[in-house]
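Engineer: Show me the folded form of this:
(one chain, ligands or ions: 1)
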Amino acid sequence: MGEGENCIFPMEDALEMFFMFDRAGEILYANAAARSKLGYDELKNQHISTLFPNIFRRTEDGFESAFPFGDGTGHLVIYRRNLTCFPVEARIKENAGCPGTYICMANDILEREHLGREISQVREEAQQASRLKAEFVANVTHELRTPVNGILGNVRELLDNVTDARTVKTLQLVERCCGDMNRIINNILDFSKLDAGKFILEPRRFHFRSMLDYVKAQHISRITEKGLDFFMTVSPQVPEYIIGDELRIVQILNNLLSNALKFTTVGEIAVQVLRTAQVEEKAELFFIVSDTGIGIGEEDMDKLFQSFSQVDASISRKYGGTGLGLSICRQLVELMGGRIETESRKGKGSNFSFSIWVEAEEETVPKAHDDVKAVFIQMAAHEENAGQEAEGVREYGTPENREALKRRLSRLVLSVEMENWEKAEMFMETIRQLTEGAPPDVRRQILRLKMAVQKENYDKVMDEYQKLCMCDADLFS
Ligand code: ADP
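Structural biologist: The predicted model follows:
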């Protein structure tokens, strides 16, 4: 039996050319790629020097070669049957699995370069397409934003001058629709930037609790309109000031709160913030936004954070939305080094939690404004039956509610002790929002009080309080 006769050839379908030859230089096997590229039906029994005449020389007892056999590769020229040639990158070594034989593997350099060029051309085309798409989205969203803001501006101007209740209601609806439209436009813009990997975070130092108050102020009137309870708890371990992308943290919270509000009709919405880790000047903050709304079935959980996905078509018909919000939240949270997760039970409610890493000094208990002790607010109402069944009133700011207050309360004095000025300001902002539809004199009082509740101006607040104590303001007449 000759050398190589019992060897197995696993390279038949390989893309690179593969040859096996013996000590005499006689080819024992060539795979399909080698046969077709070199134009042979059969290469068996050809001499290796026929293929590589520049580097192999036929001798009486076999061949001589200047090529360094082993695991290294070298550039050779290989000849076809029709005596044309092309360059290859080749490796030739002794065949350990079949003693007395050699194997040669060769790649067509021109073909590989051509393939490489094709790949980079396809990549370039894809990048160009994605650039065009991003530009298109940026242009279209800009074009959409301009008229929406135009409508918004005019509606706000009209709102300042109109007194008829029905017109005010209609204008407020238009204002709200414009706000929703702006949110969708911004979502599309953010999504396209995140998708193109062009999203850059802009961290800066900001007061964390004021940011939360700002978020709360944006939702509180809708929450109370729906008769829901709202709680916001921030652990004292959360630093007063942090360095992070405030706008984007607000965006995530707004998204989660809008969803909570959208999908909850009874019960409560709560936000909780904790500091879960501190590594040198970096802190991990953990947020939980929970609601007692419709919840999400287990089978739909994996769809939540995918782009354009809503749990089911009936939900999107009933509640609207683009299915982009949670996907954007996930990408923003990940950019901030964290994770977003959901726990939910259908019919019971949902918890959306996320963590982010921010820069923060290692402080434990908030120190600023500790000296601020209390803000007193007096609200008075002329009623006959003071205090009766007041707990039955849950919806605030509605005409029925005001009617109920009128009947049941003669005078309501709220003495609210606040931890810090931000909370006092927030409280006044909430009152301002709740009394938006109230008669002008009530709104003026509230505005005066709100303006007085400023960090610098504790005395002024106390003055207002004294004045309010003295005058029996007819707030709800
Ligand atoms: P959309 O803009 O449509 O609300 P999101 O990505 O924010 O898109 O949400 C995707 C889907 O996840 C929603 O359509 C809804 O089905 C579900 N979902 C999100 N938040 C809640 C929640 N708090 N309670 C119940 N379902 C929710």
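
Engineer: Please look at Phe18 and Asn95 and confirm they touch.
Structural biologist: No - judged on CB atoms under 8 Å, Phe18 makes no contact with Asn95 at a distance of 11.1 Å. Glycine gets a C-beta too; all of them are placed from N, C-alpha and C.

Engineer: For the residue of the stretch 101-250 of the chain found nearest the ligand, what is the enclosing helix or strand?
Structural biologist: Of all residues in the stretch 101-250 of the chain, Asn187 sits closest to the ligand, with a separation of 7.2 Å (CB to the nearest ligand atom). In this structure, Asn187 is located in helix 165-195 according to DSSP states H and E.

Engineer: now that helix, how far from the centre of its chain.
Structural biologist: On the basis of CA atoms, centre = their mean, to the nearest Å, the separation between the geometric centre of helix 165-195 and that of its chain is 19 Å.

Engineer: what are the pairing partners of the next helix-or-strand element following that helix, and which direction each?
Structural biologist: Of the helices and strands lying after helix 165-195 in sequence (DSSP H and E), the nearest is strand 204-207. Using DSSP bridges, the strands paired with strand 204-207 in its sheet are strand 241-244 (antiparallel).

Engineer: and the strand it pairs with, what's its mean pLDDT?
Structural biologist: For strand 241-244, the per-residue pLDDT values average out at 94.

Engineer: quick revisit: quick one: common contacting residues for Phe18 and Asn95?
Structural biologist: Overlap between the neighbourhoods of Phe18 and Asn95 consists of Ile103, taking contacts as CB atoms under 8 Å, 6 or more residues apart in numbering.

Engineer: Next, find the distance separating Lys198 from Glu334.
Structural biologist: 15 Å (CB to CB, to the nearest Å).

Engineer: more neighbours, those two?
Structural biologist: Using other CB atoms under 10 Å as the criterion, Lys198 and Glu334 rank with Glu334 on top: 14 against 11.

Engineer: buried residues in the helix or strand that contains the more buried one?
Structural biologist: With elements delineated by DSSP H and E, Glu334 resides in helix 325-335, which encompasses its position. Along helix 325-335, these residues count as buried under the neighbour rule (16 or more other CB atoms under 10 Å): 325-333.

Engineer: Over to stretch 203-217?
Structural biologist: 206-216.

Engineer: Met105 touches Met20, doesn't it?
Structural biologist: No - Met105 is beyond contact range of Met20, at 10.3 Å (criterion: CB under 8 Å).

Engineer: out of these two, which sits in the busier spot?
Structural biologist: Here Met105 and Met20 are set side by side on neighbour count (other CB under 10 Å), and the busier one is Met20, at 22 against 19.

Engineer: show me what contacts the closest residue to Gly295 other than its chain neighbours?
Structural biologist: In space, not counting the residues next to it along the chain, Gly295 is nearest to Lys346; the distance is 4.4 Å by CB to CB, 6 or more residues apart in numbering. With contacts taken as CB under 8 Å, 6+ apart, Lys346 has the following neighbours: 294-297.

Engineer: filter these down to the ones near the ligand?
Structural biologist: Subset of these in contact with the ligand: 294-296, counting by CB under 6 Å from any ligand atom.

Engineer: Take those residues and keep only those in strands.
Structural biologist: Under the assignment DSSP state E, the ones next to the ligand among the contacts of Lys346 contribute nothing to strands.

Engineer: all helices of the stretch 251-400 of the chain, in order?
Structural biologist: In chain order, the stretch 251-400 of the chain shows helices spanning 313-319, 325-335, 399-408, with DSSP state H, counting those that start in this stretch as the criterion.

Engineer: Next: the stretch 1-150 of the chain.
Structural biologist: Assignment of helices within the stretch 1-150 of the chain using DSSP H, counting those that start in this stretch yields the ranges 32-38, 48-51, 109-161.

Engineer: Give me the helices and strands touching the longest one, please.
Structural biologist: So the one you mean is helix 109-161. Packing partners of helix 109-161 (3 or more CB pairs under 8 Å, 6 or more residues apart in numbering; DSSP states H and E): strand 85-94, helix 165-195.

Engineer: got the angle between it and strand 85-94?
Structural biologist: When axes from the mean of the first three to the mean of the last three CA atoms, to 10 degrees is applied, the directions of helix 109-161 and strand 85-94 differ by 100 degrees.

Engineer: For the chain, which helix or strand comes out least confident on mean pLDDT?
Structural biologist: Per-element confidence for the chain was summarised using mean pLDDT, DSSP states H and E. The lowest value among helices and strands belongs to strand 375-380, with a mean of 33.

Engineer: Name the nearest residue to Asp61, sequence neighbours excluded.
Structural biologist: Leaving out its chain neighbours, Asp61 is closest to Ala24 (CB to CB, 6+ apart), at 7.4 Å.

Engineer: just checking, the one you found touches Glu60?
Structural biologist: No - shown here, Ala24 and Glu60 do not form a contact pair, counting by CB under 8 Å, at 10.1 Å.

Engineer: Fine, thanks again, bye for now.
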